[in-house]
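A.B. asks: Here is a sequence together with a model predicted from it:
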Amino acid sequence: MSSTTRLQLSFMMFLEFFIWGGWFVTLGTFLNNNLSASGAESGQVFSTQSWGAIIAPFIIGLIADRFVNAERILGVLHIIGALLMYQMYNAENIATFYPYVLIYMICYMPTLALVNSVSFNQMKNPEKEFSVIRLFGTVGWIAAGLLISFIFHWDSAEGTKEGLLKNTFLLSGAASLVLGLFSFTLPKTPPKGKGTKVTVNDILGLDALKLLKDKNFLIFFISSILICIPLAFYYQNTNSFLSSIGVENPTGKMTIGQASEVLFLLLLPVFFNRFGFKKTILVGMLAWAVRYVLFAFGNAGDLTFMLLIGIALHGICYDFFFVSGQIYTDSKAGEQHKSAAQGLITLATYGLGMLIGFAVAGKITDSYKLADGTLDYKMVWLIPAGIAFAVFLIFALLFKDEKTNKTA
């Protein structure tokens, strides 16, 4: 790969995740303070991510893989996204905001696969080259959080009170427009499935359903759906929780989670090879429970360290469960169904699991709203901690340890 192409792909990946991190992290706080959304309404807004994940395979499978170059679709989707971001910026109530965010997520979620397609198409050795390119995506997410907290101060107590969080949509919208236009300069990535017949089974990975006949994989599949319930609480409530209890620069501090994700992604192969899949994934599940207990009993004063440790556990929570789960799925699927199996797990987690999770998180949040309009955050966090621990026990008792292809 030439240095010019490497720079192009790195910049593309940086902007791709800068856009997402620039508005999604603070979305819960924005909905609470700017649009006075209830917990259930916030859950519906966050669940648009799940609908986007469910619809994305159809856009990729029916259009990008058959008719149009990936970089051109990427450009069009991000330009449309920029226009939708501007409409979200102007929305004055949840009823107006929801349709725009729904359409936006349907446009954005397919771009996660498209940037990978454009990258892989330029690589001779993806196993060595892709991780460096993808790292710039994490850097982009972190950069967005640092800008919001430490440069613009939109998430400060004063900024939140003045409604400045809506500026995050302008920031992400501008980045989306830049990436949209920039995408047309990217290396050409023509459709590889042109002229071939694509079925719904191919798009959704339904051929991989036969893996569910394996008891161990079935337990893993169900656990993957269930663990997304406590995951939804993190996305929906963390930023608004930190803001409401007086933590300074909450969005910037939440980037600790992305930094830890990079660290534990590097440590994962060592842990996975030494202790195996079952112990690795159990550590990830237990980390969710510990994180929420820390949130429940931490505060913005002398116990701030508990909150920061909880945020830093994101690397273990995500990498040790989701990434090790992808490795396990790859080892179980066999050559013929590798892509289908990964698609099925993605549909189960970011689609079905998160859809259920945001609905549950919304109802629980509303259930613990106090008379003065504040939330009993101790209970809001202890409930997902209990759910995560229950999933931990189910998996520990029912999943039988087995040898996994550690080089997957």
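C.D. replies: Thanks, I have it. Numbering: from 1, shown residues only.
A.B. asks: Would you quantify the distance from residue 342 to residue 11?
C.D. replies: Going from residue 342 to residue 11 by C-beta to C-beta, to the nearest Å gives 27 Å. For every residue, glycine as well, the C-beta is placed using N, CA and C.
A.B. asks: Same check on residue 68?
C.D. replies: 22 Å.
A.B. asks: how's the protein carved up into domains?
C.D. replies: 1-185, 204-408 (automatic domain parsing).
A.B. asks: The ones you listed: lowest mean pLDDT?
C.D. replies: When the domains of the chain are compared on average pLDDT, domain 204-408 comes out lowest at a mean of 88.
A.B. asks: Quick one: distance of it to the chain centre.
C.D. replies: 11 Å (C-alpha atoms, centre = their mean, to the nearest Å).
A.B. asks: Make residue 1 into 54 and carry on from there
C.D. replies: Noted, 54 is the first residue going forward, which turns the last one into domain 257-461.
A.B. asks: returning to what we had before: save the domains of the chain as a markdown table, and put in distance to residue 244 too.
C.D. replies: Output for the domains of the chain, formatted as a markdown table (distance: least, C-beta to C-beta, whole Å):
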| stretch | distance to residue 244 |
| --- | --- |
| domain 54-238 | 5 |
| domain 257-461 | 16 |
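A.B. asks: Dump those into JSON lines; add mean neighbour count as well.
C.D. replies: Compiled in JSON lines, these are given as follows (neighbours: other C-beta atoms under 10 Å):
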{"stretch": "domain 54-238", "mean neighbour count": "20"}
{"stretch": "domain 257-461", "mean neighbour count": "19"}
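A.B. asks: Residue 239: which element?
C.D. replies: Using DSSP states H and E, residue 239 falls within no helix or strand.
A.B. asks: which ones are touching it?
C.D. replies: 61-62, 65, 124, 127, 171 (C-beta atoms under 8 Å, 6 or more residues apart in numbering).
A.B. asks: quick one, phi psi at it?
C.D. replies: phi -70, psi 160 (degrees, to the nearest 10).
A.B. asks: The closest residue to it other than its chain neighbours sits in which helix or strand?
C.D. replies: Counting by C-beta to C-beta, 6 or more residues apart in numbering, residue 239 lies nearest to residue 124, which is 4.1 Å off, once chain neighbours are set aside. Assigned by DSSP H and E, residue 124 falls within helix 123-143.
A.B. asks: hmm, who's touching that helix?
C.D. replies: So helix 123-143 is in contact with 72, 76, 112, 116-117, 150, 153-154, 156-157, 160-161, 163-164, 167-168, 170-171, 174, 219-220, 222-223, 225-227, 229-230, 232-237, 239-242, 244, going by C-beta under 8 Å, 6+ apart.
A.B. asks: Could I get the contacting residues of the residue nearest in space to the middle of the chain?
C.D. replies: Residue closest to the average C-alpha location in the chain (C-alpha atoms, centre = their mean): residue 403, at 7.8 Å. Counting by C-beta under 8 Å, 6+ apart, residue 403 makes contact with 102-103, 106, 281.
A.B. asks: Looking at those residues, which is nearest residue 303?
C.D. replies: residue 102 (20.4 Å; C-beta to C-beta).
A.B. asks: Check the gap between the residue lying closest to that closest one once chain neighbours are set aside and residue 289 for me.
C.D. replies: Leaving aside its chain neighbours, residue 102 sits nearest to residue 158 (5.5 Å; criterion: C-beta to C-beta, 6+ apart). When distance is defined by C-beta to C-beta, residue 158 is 15 Å away from residue 289.
A.B. asks: follow-up on the earlier one: give me phi/psi at the residue nearest to residue 102?
C.D. replies: Torsion angles, degrees, to the nearest 10, at residue 158: phi -70, psi -30.
A.B. asks: ok, it touching residue 104?
C.D. replies: Yes: assessed by C-beta atoms under 8 Å, residue 158 is found in contact with residue 104 at 6.5 Å.
A.B. asks: which helices and strands sit right next to the helix or strand encompassing residue 325?
C.D. replies: Assigned by DSSP H and E, residue 325 belongs to helix 303-350. Under the contact criterion of 3 or more C-beta pairs under 8 Å, 6 or more residues apart in numbering; DSSP states H and E, helix 303-350 touches helix 179-199, helix 268-297, helix 357-365, helix 367-371, helix 377-386, helix 430-451.
A.B. asks: Now distance to residue 54 too, for those helices, in CSV please.
C.D. replies: Below are the helices and strands packed on helix 303-350 laid out as CSV (distance: least, C-beta to C-beta, whole Å):
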stretch, distance to residue 54
helix 179-199, 6
helix 268-297, 34
helix 357-365, 33
helix 367-371, 28
helix 377-386, 24
helix 430-451, 40
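A.B. asks: The ones you listed: which one's closest to residue 316?
C.D. replies: That would be helix 367-371 among the helices and strands packed on helix 303-350, by C-beta to C-beta, at 5.7 Å.
A.B. asks: got the angle for the helix or strand where residue 109 lies vs helix 268-297?
C.D. replies: Element membership for residue 109, per DSSP H and E: helix 101-112. Per axes from the mean of the first three to the mean of the last three C-alpha atoms, to 10 degrees, the angle that helix 101-112 makes with helix 268-297 is 130 degrees.
A.B. asks: Which strands or helices does helix 101-112 pack on?
C.D. replies: helix 147-174, helix 253-257, helix 407-420.
A.B. asks: now what about it, what contacts it?
C.D. replies: 77, 126, 151, 154-155, 157-163, 165-166, 256-258, 396, 399-400, 403-405, 407-408, 411.
A.B. asks: before we move on, the earlier item: could you measure the residue nearest to residue 102 against residue 64, distance?
C.D. replies: Distance from residue 158 to residue 64, by C-beta to C-beta: 23 Å.
A.B. asks: what do you get for residue 173?
C.D. replies: Taken as C-beta to C-beta, the span from residue 173 to residue 64 is 17 Å.
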